[in-house]
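In: Got a predicted structure here, sequence first:
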Amino acid sequence: MDNDGNQEVIYGTTCLNSDGTFRWSIYRRHPDIISIHDYIPERPGLEICYIVEPSAHAGIYMVDANNGEVIWKNNREDDNAWMHGHIGWTADIWDGSPGMECMTNRAGHDDRIYLLFSSDGIKLSEKFPIGFSPIEWDGDPTRELIGENGSIAGNFNGTDIILVPGESPNPVPNSYIQFTADLCGDFRIEIVINGVDTDGRRAIIVITAPTSIDKRYVTPSRDIEYKLWLARNKGGGYGSYYEYILRDTEK
């Protein structure tokens, strides 16, 4: 968090130094989602996006990872619809706003009213489409969005998701996406599904992008943070999405 070469520890909404001493806390108890990135490109260092559960503090918070300053928030003080932040992800899905976008809900496990915020706290949507998740599929600078269990794909234009005609990243009927990750090391994301193979047997199937492209980037599997995320994803608690910003191979 402070760029001294040692890892700090984030647990809940509190940060400890690498020697175990207290660094900071925003005292918002239990977050269901914690994501650490350089969300705001013009701001030095890293930021943490929290989606917090407890009703008294429920909300989304963008926090300076080094000193714990709350850069912006949208919580129960701002909107009394906040009861239990639970579902969410962060990804760069729109080139019309710098940094990443942040998706969240406000009312627990069954709430399907999704909000979308820019990295600097502007509310982009109060009715973000249900069931879409980010994926790196075609190699352009922003992530694509897949929905309906991966059978459709599209791009966010700042207001709506515009579907790509004929694009079906998961063409396997009666299947269920387990998670998405770069498993093959080509920088694009593979889709891991639970489905039925050609012999009618239940199987775990890995789907890769079928179309070759003329771009090359450093693969996420070279990144230690991505490896750590991949090692624990689906290993306990909730599955999650890890945003990896593509870096040119020559840099």
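Out: Cool, the structure landed. This structure is a prediction, so every number in the text was calculated from the model and none was measured.

In: next one: stretch 13-27 to chain centre, how far?
Out: In terms of CA atoms, centre = their mean, to the nearest Å, the centre of stretch 13-27 is found 23 Å from the chain centre.

In: How many residues are close by Ile113?
Out: Using other CB atoms under 10 Å, Ile113 has 12 other residues around it. C-beta: built from backbone N, CA, C; applies to glycine.

In: Quick check: which element contains Asn67?
Out: Following DSSP states H and E, there is no helix or strand that holds Asn67.

In: If we ignore the residues flanking it in sequence, what's nearest it?
Out: Spatially, and ignoring its direct neighbours in sequence, Asn67 is nearest to Trp24 (6.1 Å; CB to CB, 6 or more residues apart in numbering).

In: pLDDT at the one you found, what is it?
Out: pLDDT recorded at Trp24 is 98.

In: Kindly report the same for Gly237.
Out: 63.

In: Next, the buried residues of stretch 222-230.
Out: Buried positions in stretch 222-230, judged by neighbour count with 16 or more other CB atoms under 10 Å: 223, 226, 229-230.

In: Need the residues that contact the helix or strand of the chain with the lowest mean pLDDT.
Out: Ranked by mean pLDDT, DSSP states H and E, the weakest helix or strand in the chain is helix 224-232, scoring a mean of 86. For helix 224-232, the surrounding residues in contact (CB atoms under 8 Å, 6 or more residues apart in numbering) are 181-182, 220-221, 240, 242, 244.

In: roughly how far is that helix from the heart of the chain?
Out: Distance, stretch centre to chain centre, for helix 224-232: 14 Å (CA atoms, centre = their mean).

In: go on, stretch 239-251?
Out: Per CA atoms, centre = their mean, the centroid offset for stretch 239-251 relative to its chain is 11 Å.

In: Thanks a lot, see you next time.
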